[in-house]
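Asks: Got a predicted structure here, sequence first:
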Amino acid sequence: MTTIDRIFISIFVIVIVAIGGFMAMFFAALSGMGTFYLIFIVAAIALFIALALLRIFTVLTTRQFNLTLASGAAVCGLVLAGYEINKAYLGSITMKEQEVDLNAYKPFMKSTKAVALEEPSSFKLEKDLPRLDGATALYPLYAAIAQAVYPQADYDISNSAVMSSKTDGAYEKLIRGEVDIIFTAGPSRLQRLDAERSGRELVLTPIGREAFVFFVNSRNRVKDVTLEQIQSIYSGHLTNWQELGGDDMPIQAFQRPENSGSQSALQKLMEGKNLVTPPQEDVASGMGGIIRNAANYRNHKNAVGYSFLFYATEMTREDKIRLLSINGVQPNRANIQNQSYPLTSEFYAVTLGSKNPNVEGLIEWILSPQGQSLVDKTGYTPLKK
C-alpha cells in the first residue's frame with residue numbers, strides 16, 4: 001500500500017467517523033444528555049481517529065491496535081459508569097421543588113392533606129370563582145381556602161380555578177390576566193417592571209407570616225450565623241466554613257432560579273451587595289439545546305441553601321439538613337410570631353386589577369378569623385393570633 005493510498009484511506013476514515021460522531025452529538029443534545037456526553041463523544045472520536053491513523057500508517061501492529069482499542073473501550077465504559085453513579089448519587093441528595101407531590105394537597109380529594117375548618121365557612125362561592133395560582137410552598141394553604149369556600153370539584157393542579165404554576169409562572173399568568181389572585185412572597189424587581197409595563201399596579205395584601213431560612217448538611221458543625229455572615233457568604237467574601245467555626249472546607253453556596261420566591265427573598269436580603277455566581281448545572285432547554293442554570297441544592301457536607309420554613313420542614317421533610325439559627329434565634333413559628341427571628345416576612349394574596357366580582361370578598365374572608373385559622377392550621381403563622 002502506497003503512502004497516497006494510506007492518505008486517502010485516512011481521509012475516508014476521518015470523514016466517516018466525524019459524520020458518525022456528529023450524529024451521536026446531535027442525538028445526545030436532542031435528548032438533553034448534557035455537556036459531559038458531548039465532550040465524551042468528542043474525546044472518543046479523537047481517540048479512535050488517532051488509533052486508526054496509527055494503524056493505517058503501520059505505527060501499530062494489528063494486535064497492538066486491537067489491544068489498545070479494547071483498553072480504550074474499557075476505560076470509556078468505566079468513565080461512563082462512574083459518571084452515571086455520581087449523577088445518581090447527586091440526584092439522591094438533591095432537593096427539587098418538583099419532587100413535592102402537590103396532588104396530596106388537592107382540595108376535596110379523599111385523604112387530602114389540605115386542612116379543613118371545624119365549622120362551615122361563613123363565606124361560600126358557587127359561581128364566578130376567582131382563579132387561584134401561586135408558589136409551590138403556598139399551594140397547601142390556598143387549596144385549603146378553596147376547599148372551604150369553593151364548590152366541590154376536581155381542581156386540576158396545572159389548569160383549573162385552583163392551580164400551581166410556581167412563583168414565576170404565577171406572576172406571568174397574573175400579568176397576562178389568566179388568573180385573578182396569586183399567593184406568593186413579594187415580587188422581584190423584574191416582576192414589578194413587567195406589571196408596570198402592562199399599565200397596572202400589583203396590589204399585595206399580607207395574609208400571613210413566614211421565615212426565610214438557611215440550611216446546611218446535618219453533619220456540618222456550624223449551627224448559628226449572623227445576618228452579616230450570610231451576606232458575606234453570598235457575596236463571596238466568606239468562602240470557608242472554618243471561618244465560621246466549622247471544618248476546613250470550602251463553602252458551596254447554592255442559589256435558586258431567577259424570579260423564584262426564595263431567590264427574590266435572597267436578593268432583597270443582599271440589596272446593595274453583589275451576589276456571588278452560584279454553582280451551575282446543565283439543563284436541557286427547548287429543541288435540545290443546553291443552557292446553564294443555578295444548580296438545585298445538593299446536600300454535600302459543605303453546602304448551604306435556603307428556602308421558606310414551611311417548605312423546608314413540612315413539604316420536603318428532609319432529615320439530613322439542619323436549619324441555621326440567625327443571630328442566635330431559631331427559625332420557628334414562635335419566633336416568627338414575636339418577630340424575633342430576623343428574616344421574618346409576610347406573604348401575600350397578590351392581585352392586578354381583576355374584574356372578577358368575588359376577588360375582594362375572598363381576600364376579606366382570608367383575613368377573617370376563619371381564614372386566618374386556615375393559615376395557622378396549614379403550618380404558617382397568621383397575622384394575628
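Replies: Thanks, I have the structure now. All values reported here derive from a predicted model rather than from experimental measurement.
Asks: Show the residue spans covered by the strands in this structure.
Replies: Assigned by DSSP state E, the strands in the chain fall at 94-95, 132-134, 181-184, 203-217, 224-225, 252-253, 280-284, 290-294, 297-298, 303-308, 321-323, 325-326, 344-351.
Asks: Single out the most deeply packed of the ones you listed.
Replies: Highest mean neighbour count among the strands of the chain (mean count of other CB atoms under 10 Å): strand 132-134, with a mean of 29. Every C-beta, even on glycine, is put in place using the N, C-alpha and C of the backbone.
Asks: So which elements touch that one?
Replies: Counting contacts by 3 or more CB pairs under 8 Å, 6 or more residues apart in numbering; DSSP states H and E, strand 132-134 is packed against helix 139-149, helix 166-176, strand 181-184.
Asks: a markdown table for those, including distance to G20?
Replies: Below are those laid out as a markdown table (distance: least, CB to CB, whole Å):
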| stretch | distance to G20 |
| --- | --- |
| helix 139-149 | 48 |
| helix 166-176 | 41 |
| strand 181-184 | 49 |
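Asks: For A303, find the nearest of these.
Replies: Distance to A303, taken as CB to CB, is lowest for helix 166-176 among those, at 22.4 Å.
Asks: list the buried ones in that closest one?
Replies: K166, T167, D168, G169, A170, Y171, E172, K173, L174, I175 (16 or more other CB atoms under 10 Å).
Asks: so that helix versus helix 139-149, what angle?
Replies: 50 degrees (axes from the mean of the first three to the mean of the last three CA atoms, to 10 degrees).
Asks: Helix 166-176 versus strand 344-351: what angle between them?
Replies: 30 degrees.
Asks: on that earlier part again, could the strands of the chain go into JSON lines alongside mean pLDDT and distance to A144?
Replies: Putting those into JSON lines (pLDDT from 0 to 100; distance: least, CB to CB, whole Å) gives the following:
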{"stretch": "strand 94-95", "mean pLDDT": "52", "distance to A144": "24"}
{"stretch": "strand 132-134", "mean pLDDT": "97", "distance to A144": "11"}
{"stretch": "strand 181-184", "mean pLDDT": "97", "distance to A144": "11"}
{"stretch": "strand 203-217", "mean pLDDT": "94", "distance to A144": "12"}
{"stretch": "strand 224-225", "mean pLDDT": "97", "distance to A144": "34"}
{"stretch": "strand 252-253", "mean pLDDT": "88", "distance to A144": "34"}
{"stretch": "strand 280-284", "mean pLDDT": "48", "distance to A144": "33"}
{"stretch": "strand 290-294", "mean pLDDT": "39", "distance to A144": "31"}
{"stretch": "strand 297-298", "mean pLDDT": "66", "distance to A144": "27"}
{"stretch": "strand 303-308", "mean pLDDT": "88", "distance to A144": "17"}
{"stretch": "strand 321-323", "mean pLDDT": "88", "distance to A144": "24"}
{"stretch": "strand 325-326", "mean pLDDT": "96", "distance to A144": "29"}
{"stretch": "strand 344-351", "mean pLDDT": "95", "distance to A144": "14"}
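Asks: for those, which one sits closest to I14?
Replies: Nearest to I14, of the strands of the chain and by CB to CB, is strand 290-294 at 26.0 Å.
Asks: quick one, domains of this protein?
Replies: Per automatic domain parsing, the structural domains of the chain span 3-92, 99-208+347-378, 211-344.
Asks: In CSV, list these along with distance to K384.
Replies: Shown next, in CSV, are the domains of the chain (distance: least, CB to CB, whole Å):
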stretch, distance to K384
domain 3-92, 42
domain 99-208+347-378, 7
domain 211-344, 10
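Asks: circling back: of the helices and strands packed on strand 132-134, which is nearest V15?
Replies: helix 166-176 (46.2 Å).
Asks: could you dump that closest one to CSV, C-alpha only?
Replies: Extracted C-alpha coordinates of helix 166-176, given in CSV (Å, rounded to 0.1, in the frame of the first residue of the first chain):
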residue,chain,number,x,y,z
LYS,A,166,-44.8,28.2,40.9
THR,A,167,-43.9,31.8,41.7
ASP,A,168,-42.5,32.9,38.4
GLY,A,169,-45.3,31.2,36.4
ALA,A,170,-48.0,32.6,38.7
TYR,A,171,-46.8,36.2,38.2
GLU,A,172,-46.7,35.7,34.5
LYS,A,173,-50.3,34.4,34.4
LEU,A,174,-51.4,37.2,36.7
ILE,A,175,-49.9,39.8,34.4
ARG,A,176,-51.4,38.2,31.3
